[in-house]
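predicted model follows, preceded by the sequence.
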Amino acid sequence: MQEELLILLVLKRSGSTDLPLHYGQVPPWLAERMAKLGLAITESILAEYGKAEVIRRMSNPFWFQSLGAVMGMDWHSSGITTSVIGALKKSINPRSKELGIYICGGKGKHSRATPDELLRIADKTGLNGAELVRASKLSAKVDNTAIQDGFQLYLHSFILSSEGDWAVVQQGMCDSTSTARRYHWHSENLKSFVEEPHTAVCGINQGKILNLTANEAAETRTSMLAITDEKPNKMLAEVQKLVMPSHHDVRAKDVDLKRLGSILWLAQEKKPADFESLLMLEGMGPRTLQSMALVSEVIYGTPSRFSDPARYSFANGGKDGHPFPVPVNVYDETIKVLQKAVEMAKIGNTDKQQAIKALHQIAKNAEQDFVPNMDFDRLIEKERAESWKFGGRTVFGIEKPPSVKQLSLF
């Protein structure tokens, strides 16, 4: 059977993610905090690793999902994409000249504004605006047209450094399955626009799909758009895939209990005073240490640490109450500690920054001999019961102290 196939020049893709569709708005009290924490995390990565690493991480679907979870979004929902991009754009772009990071595009009409935004940035930085616009348009065309997998794009964001490195984060929707699919792209190590450019073309099996980027289409790649009557046969192997479950609540099977348990043990069993001398994080209680340990890992952790994004929801909960309400007081203290570390580092005092980095390493080292023995469901019940102590809040309201009967459980 012959089909008309659209062949496009394409870029390197670093992965994709399938997510259940979630609707609704991020409440202002959380959106404001997401912007502040997102900026502080970005500045910390910039100080430690540089601009290229910020772009590289944005192209990693596991890290991106972990970032959204640690910022208080529902750990597996499609809403993470829009909310994280929106929060980062709001906080980073006003300081783009200083930071050297720019975030363009977004959802709906904002995605269509991406080319104009890129051209304005090119005028300021001296980058090649035409090439950036071309990369933006082609990455969208590939995921929306050249790779026909049943998902139609509704969000496109282009993250760019002043040195020319870029990542694309875009998301498509499939109404028939009520799922969204997020695509990540990265300019790093791009050797050819025309020879097997994808690192991965993956997702839930839709049967045979049109893959118009295979080697069999080489003769038509000399132009941006061409038509062929020979269907490509080769399908790329799945390299990187993150498929989130349909259930909303966080379950033990969603989390690496050894990693989570070691963090909880450090935060709750060790005395906060032990950390004051070791980590120079004075004034922090055990609950804030729990949040900071997970934030530290988002900043300093290696890629292998982000295989279970649900774990990061134990930093600041989720806006819908999964695994527990957002502990606003803990969230604010975490932002405060991280912001202060960033500001001190700017004037040459890196003690607090190194302390936060050490916290991640201590938690990692603790895993070696830690044997998880927690009752996971009881742990979540306890977090929910004590949520009111930390200013717990969800989209449904502010948490109230539990009844006497509930308290007796703990």
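Arrived safely.

what residues does the most centrally placed residue in the chain make contact with?
In the chain, the centroid-proximal residue (Cα atoms, centre = their mean) is residue 64; its distance is 1.6 Å. Applying Cβ atoms under 8 Å, 6 or more residues apart in numbering, we find residue 64 in contact with 17, 57-58, 80-81, 84, 169, 182, 184. In this view, the C-beta of every residue, glycine as well, is placed from N, C-alpha and C.

then residue 91?
For residue 91, counting by Cβ under 8 Å, 6+ apart, the contacting residues are 35-36, 38-39, 42.

returning to that earlier point: how about the contacts of residue 64 in CSV, adding distance to residue 101 and pLDDT?
Formatted as CSV, the contacts of residue 64 follow (distance: Cβ to Cβ, whole Å; pLDDT from 0 to 100):
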residue, distance to residue 101, pLDDT
17, 22, 62
57, 11, 94
58, 9, 93
80, 19, 88
81, 18, 89
84, 14, 95
169, 13, 91
182, 20, 85
184, 16, 87
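
tell me which of those residues is nearest to residue 119?
Closest approach between the contacts of residue 64 and residue 119, by Cβ to Cβ: residue 169, at 19.9 Å.

how close does that closest one sit to residue 103?
9 Å (Cβ to Cβ, to the nearest Å).

break the protein into its domains for me.
Domain segmentation of the chain under automatic domain parsing yields 8-243, 252-399.

least reliable of the ones you listed by average pLDDT, please.
If those are sorted by mean pLDDT, domain 8-243 sits at the bottom with a mean of 77.

run a quick neighbour tally on residue 392.
By other Cβ atoms under 10 Å, 24 other residues sit near residue 392.

OK, contacts around the closest residue in space to residue 26 that isn't next to it in sequence?
In space, residue 26 comes closest to residue 83 once its chain neighbours are excluded; the distance is 5.0 Å by Cβ to Cβ, 6 or more residues apart in numbering. Residues in contact with residue 83, defined by Cβ under 8 Å, 6+ apart, are 26, 31, 34, 68, 71, 73.

which SSE is residue 83 in?
In this structure, residue 83 is located in helix 79-92 according to DSSP states H and E.

just the CA atoms of that helix, as PDB, please.
Taking C-alpha atoms only, helix 79-92 is exported to PDB below (Å, rounded to 0.1, in the frame of the first residue of the first chain):
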ATOM      1  CA  GLY A  79       0.000  19.700  34.200                       C
ATOM      2  CA  ILE A  80       3.600  19.500  35.300                       C
ATOM      3  CA  THR A  81       4.800  20.500  31.800                       C
ATOM      4  CA  THR A  82       2.700  23.700  31.600                       C
ATOM      5  CA  SER A  83       3.200  24.700  35.200                       C
ATOM      6  CA  VAL A  84       7.000  24.200  35.400                       C
ATOM      7  CA  ILE A  85       7.600  25.900  32.100                       C
ATOM      8  CA  GLY A  86       5.300  28.800  33.100                       C
ATOM      9  CA  ALA A  87       7.000  29.200  36.500                       C
ATOM     10  CA  LEU A  88      10.500  29.100  35.100                       C
ATOM     11  CA  LYS A  89       9.600  31.600  32.300                       C
ATOM     12  CA  LYS A  90       8.100  34.000  34.800                       C
ATOM     13  CA  SER A  91      11.100  33.900  37.200                       C
ATOM     14  CA  ILE A  92      14.000  33.400  34.800                       C
END
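
check which element follows it along the chain.
Toward the C-terminus, helix 79-92 is succeeded by helix 96-99 as the next helix or strand (DSSP H and E).
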